[in-house]
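Asks: predicted model and sequence below, questions to follow.
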Amino acid sequence: MGTLSGKTAIVTGANRGIGRSIALTLAKAGASIVLCARDEKLLASVSDQIASIGSSSVYYAADLRNEDSAALLVDVALLEFGGIDIVVNNAGATKRGDFLDLTQEDWDDGFALKFFGAVRLCHAAWPQLKMTHGSIVNIAGVGGRTPGPDFSIGGSVNSALLALTKSLADTGVRDGVQVNAINPGSVRTDRYDARLTKAAKAAEISLGEAEARLMLEAGVNRIGEPDDIAALVAFVVGPSGRLFQGALIDMDGGQTKTI
């Protein structure tokens with residue numbers, strides 16, 4: 001039996017990248033998975049992969065920027081599996097760019113999914129997590145600790161998500177709910193590949209040279225893989241990670257230099 005056998009986990013942004021790896025890793029550990037993202041076709045593919053490793057899943061294609069989507073997602077989990085033990089808030093990407101080039105709509109959209117979507121899902125799932133002594137993991141990002149000039153939206157959103165984590169962790173001590181956050185650095189996802197391709201084209205260099213520059217600028221010696229983040233999530237929510245509470249864990253290859 002896996003370390004998470006009998007548990008039910010909601011994973012948002014589960015159709016690709018880090019979210020997909022988290023869903024598959026938790027399924028391998030024995031959890032039943034409730035997948036959520038906007039792309040139904042990709043969600044169905046992840047669900048098929050979960051079935052192939054002998055675990056159960058259900059998917060709900062929804063835009064968590066919509067105010068009722070989080071509550072409906074919780075309803076799906078309860079209808080299919082009867083409870084909720086784990087919530088992983090992974091959905092949401094923010095626009096990069098110079099501050100003066102970013103619009104009010106860019107800012108509104110950045111907070112709408114990654115921050116307010118997480119707020120609403122935590123709120124909707126909390127009564128169930130309180131009953132199961134469950135766990136929340138918020139996937140934020142190193143920009144919340146050290147925002148750069150092209151990451152004013154992302155840095156602000158991630159910082160807000162880290163503050164939310166600390167606040168909910170205190171409430172979680174009272175209610176028996178574990179709440180933590182993980183800050184990935186550069187991780188090899190579709191979004192990372194697009195950013196790397198853009199940098200290589202702009203500098204007229206190869207992808208390998210562009211990646212070497214990125215690592216040098218960040219002060220790291222490797223780029224993360226989605227499975228790296230997924231393995232940490234599985235540890236934190238598993239029986240060996242229950243002492244984590246209100247932790248803001250940097251998993252970035254040393255990119256964050258501050259204390």
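Replies: Cool, the structure landed.
Asks: off-centre distance for the helix ranked longest in the chain?
Replies: As assigned by DSSP state H, the longest helix anywhere in the chain is helix 152-175. Computed by CA atoms, centre = their mean, to the nearest Å, the chain-centroid distance of helix 152-175 equals 13 Å.
Asks: please enumerate residues in contact with that helix?
Replies: Helix 152-175 is touched from outside by 89, 92, 94-96, 99, 102, 106-107, 110-111, 114-115, 118-119, 122, 126, 129-130, 136, 138, 140-148, 177-181, 183, 245-246, 248, with contacts defined as CB atoms under 8 Å, 6 or more residues apart in numbering. C-beta coordinates here come from the backbone N, C-alpha and C atoms, glycine included.
Asks: can you check stretch 26-34 too?
Replies: Against stretch 26-34 from outside (CB under 8 Å, 6+ apart): 1-11, 14, 23, 50, 53, 55-60, 73, 76-77, 80-81, 84-86, 88, 230, 233-234, 237-238.
Asks: ok, the residue sitting furthest away from the middle of the chain to residue 223 distance?
Replies: Distance from the C-alpha centroid of the chain, by CA atoms, centre = their mean, peaks at residue 204 (32.6 Å). Per CB to CB, to the nearest Å, residue 204 is found 21 Å from residue 223.
Asks: mark which of the contacts of helix 152-175 are part of strands, please.
Replies: The strands in this structure, assigned by DSSP state E, contain 89, 136, 138, 178-181, 183, 248 from the contacts of helix 152-175.
Asks: on that earlier part again, what angle separates the longest helix of the chain from strand 135-139?
Replies: 170 degrees (axes from the mean of the first three to the mean of the last three CA atoms, to 10 degrees).
Asks: buried sites along helix 152-175?
Replies: Buried residues in helix 152-175, counted by 16 or more other CB atoms under 10 Å: 152-162, 164-165, 168-169, 172, 175.
Asks: the stretch 51-200 of the chain: helices as residue ranges?
Replies: For the stretch 51-200 of the chain, the helices defined by DSSP state H, counting those that start in this stretch occupy 69-81, 104-114, 116-132, 152-175, 190-203.
Asks: which of those sits closest to residue 209?
Replies: The closest approach between residue 209 and any of the helices of the stretch 51-200 of the chain, judged by CB to CB, belongs to helix 190-203 at 7.1 Å.
Asks: buried set for that closest one?
Replies: Going by neighbour count (16+ other CB under 10 Å), the buried part of helix 190-203 is 192, 196, 199-200.
Asks: can I get those residues in a markdown table with distance to residue 209 and pLDDT?
Replies: Listed next are those as a markdown table, based on distance: CB to CB, whole Å; pLDDT from 0 to 100:
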| residue | distance to residue 209 | pLDDT |
| --- | --- | --- |
| 192 | 16 | 92 |
| 196 | 10 | 93 |
| 199 | 10 | 92 |
| 200 | 7 | 94 |
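Asks: among the ones in strands among the contacts of helix 152-175, which two are most distant?
Replies: Of all pairs in these, the most separated under CB to CB is 178 and 183 at 17.3 Å.
Asks: what's stretch 234-243 in contact with?
Replies: By CB under 8 Å, 6+ apart, stretch 234-243 touches 3-4, 9, 22, 25-26, 29, 86, 135, 137, 178, 180, 182, 244, 247, 249.
Asks: oh, I was asking about stretch 107-119
Replies: Contact with stretch 107-119 is made by 12, 63-65, 69-70, 89, 91-95, 138, 153-154, 156-158, 160-161, 164, as judged by CB under 8 Å, 6+ apart.
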